[in-house]
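Peer 1: Got a sequence here, can you model it:
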Amino acid sequence: MNTVAWTFAAIAMVIGGGCLVLIAWAVISQLLTPLDKRYEQVRKELLKRESPTGVVQISATPRVGVKADKVREIAEELGFVYDGDSNIHSRQLNFHRPLPGGARSTSGDSPTGAARTTSTATSTTPGGAPDHSAFLAQLASLTTDSSGTARVDLGDFHPRQHKELVRLADAHGWTYVHPDRRDGRAGFLATRHGTETVTTNDEYFIKGPGIDELSRDPVAQRVATEAEAEFGVNPLSPLAYNEAAARYKADSRRTNRWAAVFTLPFLTLIVVALATGRLLGDGGTTAAVVVGIWVGLAALATLGVVGLTHAHRRRKANLAPYKQAYEKVAHAAVHGGHGISDRSAADDAH
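Peer 2: Numbers count the residues shown, from 1 in each chain. Below you'll find the predicted structure:
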């Protein structure tokens, strides 16, 4: 029993020690950086995060040893005016400054493809109330991509408005999924009420235009009928999409569990082998216990590999009918549709 207790104590110490080393290294590397250089890093981050309308939001402690008061001082040196704190995910400091030339807007496709966004500037009505017409126009122009989401851009809105705009989007049929900052611009991914989304473990899910966009294309509609006859499912049906996405996510969770069953004992086996290998030379009961632990961990890792392989194959098989039907329709639309582009490569890169 002493050997077994020592073995598991060694595992705990190695894992815990590794975590402490990583944390300590991150803190020490910051502390070794001269304070003036950390201040300069904060200046650069403020300028990098600044939106086209002069609004910026930054963490209250962007660098170790740099407190909120110092961040405010640096921001004021750059001409920013402090607008108070917000605490959506963690304490953030809000600033703004007037820019020459006023605000500008940009538009374009997101890296995931069809989730188009339009940047919109903050304005007010004559009575002083926030004017949400530009934001509502953005919502009206959103098109979901193959993950079931569209990106809502908040880059030109003051951070204090973000929660209000998320609620406004929900009131107009768009459910908040998770935050999405790109190129220094704040935003979030949203999905239509009642739509399943696949934004994680999406390596084997469908890639390309969203079914919203495909449903408006005559070529896609015609080919969808053929695909339904061939594969037994209409890929443009929201119900079929939701069922396929929900099943894919359930299968992915099962696959992830089997991956953990393999990974944890496999890594533990490596640590144990390194820590207890010398005990094999003692022979007798000690060596037998060590070998027994090795065999048990190896058996668990083997079980994990078998389960992971089976779960992965099952996930692919369950998705296959819908995915094949979708790819048939998407291919026809991209090569013969009206203005539909192939975004699967961009999806893979993202």
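Peer 1: by contact count, what packs against the strand or helix carrying residue 138?
Peer 2: Taking DSSP states H and E as the definition, one finds residue 138 inside helix 133-141. Packing partners of helix 133-141 (3 or more C-beta pairs under 8 Å, 6 or more residues apart in numbering; DSSP states H and E): strand 113-118, strand 150-153, helix 162-171. For glycine as for every other residue, the C-beta is placed from the backbone atoms N, C-alpha and C.
Peer 1: Contact partners for residue 329?
Peer 2: 214, 220, 223, 224, 227, 235, 236 (C-beta atoms under 8 Å, 6 or more residues apart in numbering).
Peer 1: for those residues, which one is nearest residue 132?
Peer 2: Nearest to residue 132 among those: residue 214, at 29.8 Å, using C-beta to C-beta.
Peer 1: For the closest one, grab the count of nearby residues.
Peer 2: If you count neighbours by other C-beta atoms under 10 Å, residue 214 ends up with 26.
Peer 1: for residue 233, same thing?
Peer 2: Neighbours of residue 233 (other C-beta under 10 Å): 21.
Peer 1: pretty sure it is in contact with residue 322, am I right?
Peer 2: Yes: with contact defined as C-beta atoms under 8 Å, residue 233 reaches residue 322; the gap is 5.3 Å.
Peer 1: what kind of secondary structure is residue 225 in?
Peer 2: Secondary structure, DSSP: H, G, I helix; E, B strand; the rest coil: residue 225 is helix.
Peer 1: Spatially, what comes nearest to it if we skip its sequence neighbours?
Peer 2: Leaving aside its chain neighbours, residue 225 sits nearest to residue 234 (7.6 Å; criterion: C-beta to C-beta, 6 or more residues apart in numbering).
Peer 1: Distance of that neighbour relative to residue 218?
Peer 2: The gap separating residue 234 from residue 218 is 15 Å, by C-beta to C-beta, to the nearest Å.
Peer 1: Between the two, tell me which one has more neighbours.
Peer 2: Each of residue 234 and residue 218 has its neighbours counted (other C-beta under 10 Å); residue 234 has more, 21 against 11.
Peer 1: what helix or strand does that one sit in?
Peer 2: Residue 234 belongs to no helix or strand, assigned by DSSP H and E.
Peer 1: hmm, back to that, report the buried residues of the helix holding residue 138.
Peer 2: Neighbour-count burial for helix 133-141 flags 134, 135, 138, 139 (criterion: 16 or more other C-beta atoms under 10 Å).
Peer 1: Domain-wise, how is this protein divided?
Peer 2: 33-98, 108-120+130-192, 211-349 (automatic domain parsing).
Peer 1: how about those domains, which one is nearest residue 201?
Peer 2: domain 211-349 (4.0 Å).
Peer 1: Would you agree residue 195 is in contact with residue 242?
Peer 2: Yes: proximity of residue 195 to residue 242 meets the contact threshold set by C-beta under 8 Å, at 6.5 Å.
Peer 1: All set, thanks.
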